[in-house]
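Student: here you go, sequence then predicted model.
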Amino acid sequence: EEHLQKANIMAGLAWSVMMALGSALGGYVTSTLGSTACFLLDSLTYCASAYLLRLISGSFKVTELYNEDGSAKRPLKDEVQANAVSVEGSDKDDDDASNDN
């Protein structure tokens with residue numbers, strides 16, 4: 001819970017800083033180069049982004065939503081919670097074993 005709060009604060013801070021710096025930089029570039037140059041620069045950055053995304057390689061597959069028998073699989077959050085509970089349970093067993101000494 002504590003880590004989640006810190007992560008949310010950091011994400012909000014990063015977003016705020018990006019928004020402020022991006023607005024300032026955008027205003028400066030627009031006043032210096034003009035709006036036409038800004039649209040050209042913006043389109044070039046989208047092309048660069050698309051190119052970089054194209055370079056990503058790997059084996060990606062779609063997650064199946066249904067089991068072989070046609071029944072729906074559990075949502076991902078349920079799977080994560082189930083695994084977290086099983087890991088917590090195994091940690092407790094380790095603690096019990098260390099207390100036996």
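Tutor: Arrived safely, thanks for sending.
Student: longest helix in this protein, by residue count?
Tutor: helix 2-33 (DSSP state H).
Student: same for that one, what does it pack against?
Tutor: Judged by 3 or more CB pairs under 8 Å, 6 or more residues apart in numbering; DSSP states H and E, the packing partners of helix 2-33 are helix 35-55. Any C-beta I mention is one placed from the backbone N, CA and C, and that applies to glycine too.
Student: against which helices or strands is the helix it packs on packed?
Tutor: In this structure, helix 35-55 packs against helix 2-33, with contacts taken as 3+ CB pairs under 8 Å, 6+ apart.
Student: how far off centre is the longest helix of the chain?
Tutor: Centroid separation between helix 2-33 and its chain, computed with CA atoms, centre = their mean, to the nearest Å, is 17 Å.
Student: and if you look at stretch 31-50?
Tutor: Put simply, stretch 31-50 sits 26 Å off its chain's centre (CA atoms, centre = their mean).
Student: residues touching that stretch, excluding its own?
Tutor: 26, 29-30 (CB atoms under 8 Å, 6 or more residues apart in numbering).
Student: restricting to C-alpha, output it in PDB.
Tutor: Presented in PDB, the C-alpha positions along stretch 31-50 are these (Å, rounded to 0.1, in the frame of the first residue of the first chain):
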ATOM      1  CA  SER A  31       7.400  31.500 -31.500                       C
ATOM      2  CA  THR A  32      10.800  30.800 -32.900                       C
ATOM      3  CA  LEU A  33      10.000  28.600 -35.900                       C
ATOM      4  CA  GLY A  34       6.400  29.300 -36.600                       C
ATOM      5  CA  SER A  35       3.300  27.000 -36.600                       C
ATOM      6  CA  THR A  36       4.100  25.400 -40.000                       C
ATOM      7  CA  ALA A  37       7.500  24.200 -38.800                       C
ATOM      8  CA  CYS A  38       6.000  22.900 -35.600                       C
ATOM      9  CA  PHE A  39       3.500  20.800 -37.500                       C
ATOM     10  CA  LEU A  40       6.300  19.400 -39.700                       C
ATOM     11  CA  LEU A  41       8.400  18.700 -36.600                       C
ATOM     12  CA  ASP A  42       5.400  17.000 -35.000                       C
ATOM     13  CA  SER A  43       4.800  14.800 -38.000                       C
ATOM     14  CA  LEU A  44       8.500  13.900 -38.100                       C
ATOM     15  CA  THR A  45       8.400  12.800 -34.400                       C
ATOM     16  CA  TYR A  46       5.400  10.600 -35.200                       C
ATOM     17  CA  CYS A  47       7.300   9.000 -38.000                       C
ATOM     18  CA  ALA A  48      10.300   8.400 -35.800                       C
ATOM     19  CA  SER A  49       8.100   6.900 -33.200                       C
ATOM     20  CA  ALA A  50       6.500   4.500 -35.700                       C
END
